[in-house]
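Colleague: would you be able to build a 3D model of this:
(one chain, ligands or ions: 1)
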Amino acid sequence: MEIKEEGASEEGQNFLPTPQANDTGDFQFTSIQTTPDEPQLEFILACKDLVAPVRDRKLNTLVQISVIHPAEQGLTRYSSTEIVEGTRDPLFLTGVTFPSEYPIYEETKIKLTVYDVKDKSYDTVRTSVLPEHKDPPPEVGRSFLGYASFKVGDLLKSKEQVLTLSLRTSDGGKVVGTIQVSVVKMGEIEDGEADHITTDVQGQKCALVCECTAPESVSGKDNLPFLNAVLKNPVCKLYRFPTSDNKWMRIREQMSESILSFHIPKELISLQIKEDLCRNQELKELGELSPHWDNLRKNVLTHCDQMVNMYQDILTELSKETGSSFKSSSSKGEKTLEFVPINLHLQRMHVHSPHLKDALYDVITVGAPAAHFQGFKNGGLRKLLHRFETERRNTGYQFIYYSPENTAKAKEVLSNINQLQPLIATHADLLLNSASQHSPDSLKNSLKMLSEKTELFVHAFKDQLVRSALLALYTARPGGVLKKPSSPKTSTEESSSQDPPPPMRRQDSIPHHSDYDEEEWDRVWAHVGKSLNCIIAMVDKLIERDGSGEGDDGSGKDGEKGHSLGDSVITHPQEDWYEQLYPLILTLKDCMGEVVNRAKQSLTFVLLQELAYSLPQCLMLTLRRDVVFSQALAGLVCGFIIKLHTSLCDPGFLEQLHTVGLIVQYEGLLSTYSEEIGMLEDMAVGISDLKKVAFKITEATSSDVLPVITGRREHYVVEVKLPGRMFESLPLQIKEGQLLHVYPVLFNVGINEQQTLAERFGDVSLQESINQENFELLKEYYTVFMEKMPPDYISHFQEQNDLKGLLENLHQNIQAKKRKNVEIMWLAATICRKLNGIRFTCCKSAKDRTSMSVTLEQCSILRDEHQLHKDFFIRALDCMRREGCRIENVLKNIKCRKYAFNMLQLMAFPKYYRPPEGTYGKADT
Ligand SMILES: O=P(O)(O)O[C@H]1[C@H](O)[C@@H](O)[C@H](O)[C@H](O)[C@@H]1OP(=O)(O)O
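Modeller: Next up, the predicted model:
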């Protein structure tokens, strides 16, 4: 009989074997009746009276679970239990679970093979994916003890859903013990007999009673289709662990990919292409420039066009990846996948423990957002951006130095103009429409809208930047010359006053034939406000006259009307409202057009200066920042949607969401040595850039519930769509479209051998400053949380949580400058969980170190929150690392079931971050 490895297919990451779910060909099989989205079958295993092949040998056993699909000949290796040492009656803590997607039927046969493990280091090799026909001899490292098999239907129909089967030798003759298969259902009360299992402490025994309280829904099950639209290819594992009072708790571990891994980058790149195309067009429309500036513009446009083409190519490539939901760690350097986060997953632990409510613990695991294709030779964004600005500020080349804040402002004003101008035009037309209908109420409403938007428009230009940019542009026009250097007055330190104007910039050959009229802009700008005032005055008059039925002598009531623009405010009783207002609206549009024209050109010139100064460096930096941001955003959106889904029934959370916003805590495990310094520098900026993101929840109008992004680099809004019934249950503020903010914080603690080198011979200051800066951010969030949440909530919250104490403790640990102080990570994660936040764990690939950390976090939660028996802490940890979701994560990334650590590396790891023997070794990453 042929044995196939689960996941040994080309893709490596496919959880479903062939045939795909429900694809049963010509055969008719009996489906297992379960609640949708619940696993179809879960069982636990225990052996009794095992016979050792050699007398007096202490058995170390594991059970390998294989599936014989009814339509297939072959056997598919499905999962294994952990190794239970030194007993003939092993009781396995790792169970078996078949998720809802798995093609399992009552006719499916399960084969259980029991092995005696002699050398644990061989065990992983045995269960790794090997090239066809390259299976190592079965006897290496372990020996076959016996097997049993059963049909799923027989198990389900058996009395109390328990089967006790004889284990037989390969020839089927000799009985070498029994194996008990017991169906379990998370949350169901289960009577069980006291039993004994080996604990962490050698030889110690512990009585176990299978008894669970009825569950409470932990995540509104009705909402699952919504979540399933974003989560894909789940891997599920089941465990049972004893509590300190010798009862069972059950744990289901789940790891899922998300189609947001690809969807968000595609959305974002499309937006960035639009933004850049618009900027390129504006550069082209900048009008006539002096030959020097014109050449610079041509050069800039060539580079910018190339950049847009590159983004378009990447988008085309990504669009070919329809249905993809996972980028493996081995693809991290691929150019076309640069914007896609590495190895993004939801790592979920569902705990059902006696006496306590069921609980879910979610962590998003993802590779540190970083520009692997560009590499880290010159460092990452934090350093590169700093260096770029310092050089720009100190250079003598630029006549005016625009700080990042000012260029950001230029982009913001440009974007506001582009949005407001058409909006005002629409409201102006609506006003005329109301006028032609002679409807006073509608006229008043239209005027209100028009006034509001026009005020915003006028306000947008109330900035010294526009003024100084106009002056700079004037000097760059043919014949333009500056009498004296100017700089944005908003920030004195920004002007490079000590630098003499560079020779190129002076353009001495151009005659000084005209003087710049600085007042002109004020006049043009003020005309918009004045023409609006004329419209307001006219509307007042029209309505007043309409009400009184009297004529008007045309004398203005307020000062504004005395102005030349206001002279047209004379009503004629016999004429209709439309005719009275039409010329005024035309004037407003003309004035606005003039302002828009000048402001757009001047602010585009600010951008031209920034680009011209630093080509192609500036564009490469933008690309790097976009790449890193895209990876970070994909993870954030995934985390936000999952958090929203799991907390929809929690009014406190919803209140927090719209009054305070959400904390998003990133745990970084990168070292501050060699290339990972650059990764950490990228990651720190990528995460900090997430502050520019706000969420908005809308009602889904179709089955497409995928999020939509709008905005531009300085400010993005992610629209998350919720099905009608879920949307209805939200607080009014959220339903009305209030923007929901996130507060990202990053705490990094390097744990590997590279970090040891950094601590001994290198520099850990990057990690120290990141942790310190982010502590301040976390504290700020906490303060706002305490201020803004309702007093009843806070008093209850304070009773339950000592957040202040935890923050203090975190602060002390950050200050302590202790080596590999993993306490920082535990404290930050605990604070985040208590604050209802979104948790992330990242290392370079989110594969090895991340797996160690999330499994440790899971077991620590079980110990601290669910009374995991202290003697079982290490066993639980080993179970999760050996046969849990994370080893599957390694498999799907590198097609090998081995954490990529060697002995030497592990010696440098903090104790609880070391995986069990046999699960690590040299792996081709
Ligand atoms: O998931 P990671 O911990 O980033 O994987 C590392 C691993 O820690 C390290 O021991 C190994 O030498 C590789 O560098 C892994 O990174 P890959 O990105 O190559 O998977």
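Colleague: going forward, measure contacts between C-alpha atoms and count neighbours the same way
Modeller: OK.
Colleague: residues of the stretch 201-350 of the chain that sit close to the ligand?
Modeller: Ser329 (C-alpha under 6 Å from any ligand atom).
Colleague: what's the burial count for the residue in the stretch 201-350 of the chain positioned nearest to the ligand?
Modeller: Of all residues in the stretch 201-350 of the chain, the one sitting closest to the ligand is Ser329 (5.7 Å; C-alpha to the nearest ligand atom). The tally of other residues near Ser329 (other C-alpha atoms under 10 Å) stands at 22.
Colleague: can you verify my assumption that it contacts Asn343?
Modeller: Yes: at 6.0 Å, Ser329 and Asn343 qualify as touching, with contact defined as C-alpha atoms under 8 Å.
Colleague: overlap of the contact sets of those two?
Modeller: By C-alpha atoms under 8 Å, 6 or more residues apart in numbering, Ser329 and Asn343 have these common neighbours: 367, 845-847, 893.
Colleague: from those residues, which land in strands?
Modeller: Of the shared contacts of Ser329 and Asn343, none are assigned to strands by DSSP state E.
Colleague: secondary structure element for Thr426?
Modeller: Per DSSP states H and E: Thr426 is located in helix 404-437.
Colleague: would you mind listing the buried residues in that helix?
Modeller: By neighbour count on 16 or more other C-alpha atoms under 10 Å, the buried set for helix 404-437 is 406-407, 409-415, 417, 420-421, 423-425, 427-436.
Colleague: also stretch 780-798?
Modeller: The neighbour-count check on stretch 780-798 (16+ other C-alpha under 10 Å) flags 781-782, 785-786 as buried.
Colleague: for it, measure first residue to last.
Modeller: 17 Å (C-alpha to C-alpha, to the nearest Å).
Colleague: mean confidence for that stretch?
Modeller: Here stretch 780-798 scores 94 as its mean pLDDT.
Colleague: show residues contacting that stretch.
Modeller: Contacts for stretch 780-798 (C-alpha under 8 Å, 6+ apart): 652, 655-656, 659-660, 663, 743.
Colleague: picking that back up, roughly how far is the helix holding Thr426 from the heart of the chain?
Modeller: Distance, stretch centre to chain centre, for helix 404-437: 32 Å (C-alpha atoms, centre = their mean, to the nearest Å).
Colleague: then stretch 89-96?
Modeller: Counting by C-alpha atoms, centre = their mean, stretch 89-96 comes out at 36 Å from the chain centroid.
Colleague: again, but for stretch 693-710
Modeller: Distance, centroid of stretch 693-710 to centroid of chain: 15 Å (C-alpha atoms, centre = their mean).
Colleague: ditto for stretch 451-463
Modeller: 35 Å.
Colleague: likewise for stretch 290-306?
Modeller: For stretch 290-306, the distance to the chain centre is 37 Å (C-alpha atoms, centre = their mean).
Colleague: picking that back up, which one of the contacts of stretch 780-798 sits closest to Phe373?
Modeller: Nearest to Phe373 among these is Tyr743, at 28.2 Å by C-alpha to C-alpha.
Colleague: which ones are touching that closest one?
Modeller: Contact partners of Tyr743, counting by C-alpha under 8 Å, 6+ apart, are 661-664, 690-691, 777, 781.
Colleague: ok, now with 10 Å
Modeller: 660-665, 687-688, 690-694, 777-778, 780-781, 837-838 (C-alpha atoms under 10 Å, 6 or more residues apart in numbering).
Colleague: same question for Ala408.
Modeller: Each residue near Ala408 by C-alpha under 10 Å, 6+ apart is listed here: 402, 414, 607, 713-714.
Colleague: specify the local secondary structure of Glu257.
Modeller: Look at Glu257: counting by DSSP: H, G, I helix; E, B strand; the rest coil, its state is strand.
Colleague: surely it and Gly323 touch.
Modeller: No: shown here, Glu257 and Gly323 do not form a contact pair, counting by C-alpha atoms under 10 Å, at 11.4 Å.
Colleague: can you list residues touching both of those two?
Modeller: With C-alpha under 10 Å, 6+ apart as the test, Glu257 and Gly323 both reach Lys232.
Colleague: compare those two (neighbour count), which wins?
Modeller: When Glu257 and Gly323 are compared for neighbours, Glu257 comes out ahead with 24 against 11, by other C-alpha under 10 Å.
Colleague: how near is that one to Gln798?
Modeller: 36 Å.
Colleague: cool, and Gln312?
Modeller: Distance from Gln312 to Gln798, by C-alpha to C-alpha: 51 Å.
Colleague: repeat for Glu787
Modeller: 13 Å.
Colleague: how about Lys157?
Modeller: According to C-alpha to C-alpha, Lys157 stands 50 Å off from Gln798.
Colleague: list the contacts of stretch 307-318.
Modeller: Counting by C-alpha under 10 Å, 6+ apart, 262-263, 265-270, 272-277, 280, 301, 303-306, 319, 324, 335-340, 616, 619-620, 623 sit against stretch 307-318.
Colleague: tell me which other helices or strands the host helix or strand of Leu654 touches.
Modeller: Applying DSSP H and E as the criterion places Leu654 in helix 651-659. Helix 651-659 sits against helix 617-647, strand 662-668, helix 732-735, strand 740-748, helix 765-788, with contacts defined as 3 or more C-alpha pairs under 10 Å, 6 or more residues apart in numbering; DSSP states H and E.
Colleague: closest to the ligand out of these?
Modeller: Comparing these by C-alpha to the nearest ligand atom, strand 662-668 comes nearest, at 10.4 Å.
Colleague: tell me the angle of that closest one relative to helix 651-659?
Modeller: Per axes from the mean of the first three to the mean of the last three C-alpha atoms, to 10 degrees, the angle that strand 662-668 makes with helix 651-659 is 90 degrees.
Colleague: okay, the angle between strand 662-668 and helix 765-788?
Modeller: 160 degrees.
Colleague: with just CA atoms, put strand 662-668 into CSV.
Modeller: As requested, the backbone C-alpha atoms of strand 662-668 are provided in CSV (Å, rounded to 0.1, in the frame of the first residue of the first chain):
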residue,chain,number,x,y,z
LEU,A,662,-7.8,49.9,19.1
ILE,A,663,-4.3,49.2,20.4
VAL,A,664,-2.4,46.9,18.0
GLN,A,665,0.6,45.3,19.6
TYR,A,666,3.5,43.8,17.7
GLU,A,667,5.9,41.5,19.2
GLY,A,668,9.2,41.5,17.3
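Colleague: what strands line up against it, and which way round?
Modeller: Strand 662-668 sits in its sheet next to strand 740-748 (parallel), strand 838-842 (parallel), going by DSSP bridges.
Colleague: right, and the helix or strand after the longest one?
Modeller: Of the helices and strands lying after strand 740-748 in sequence (DSSP H and E), the nearest is helix 753-761.
Colleague: and what of the last one?
Modeller: Remark: after strand 838-842, the chain's next helix or strand is helix 849-865, criterion DSSP H and E.
Colleague: how about the residues of the chain near the ligand?
Modeller: 329, 843-849, 900-901, 925.
Colleague: show the buried residues in the residues you listed.
Modeller: Applying 16+ other C-alpha under 10 Å to the residues of the chain next to the ligand flags 329, 843-849, 900-901 as buried.
Colleague: adding pLDDT, write the residues you listed out as TSV.
Modeller: Formatted as TSV, those follow (pLDDT from 0 to 100):
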residue	pLDDT
Ser329	97
Cys843	98
Lys844	98
Ser845	97
Ala846	98
Lys847	97
Asp848	98
Arg849	98
Ala900	96
Phe901	96
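Colleague: least trustworthy helix or strand in this protein by mean pLDDT?
Modeller: In the chain, no helix or strand scores lower on mean pLDDT, DSSP states H and E than helix 503-506, which sits at a mean of 32.
Colleague: where does the prediction get shaky in the protein?
Modeller: 1-27, 34-37, 122-140, 186-225, 395-400, 480-516, 547-575 (pLDDT under 70).
Colleague: any idea which element Asp171 lies in?
Modeller: Using DSSP H and E, Asp171 maps to neither a helix nor a strand.
Colleague: for Gly737, give me its contacts.
Modeller: Gly737 makes contacts with 695-698, 719, as judged by C-alpha under 10 Å, 6+ apart.
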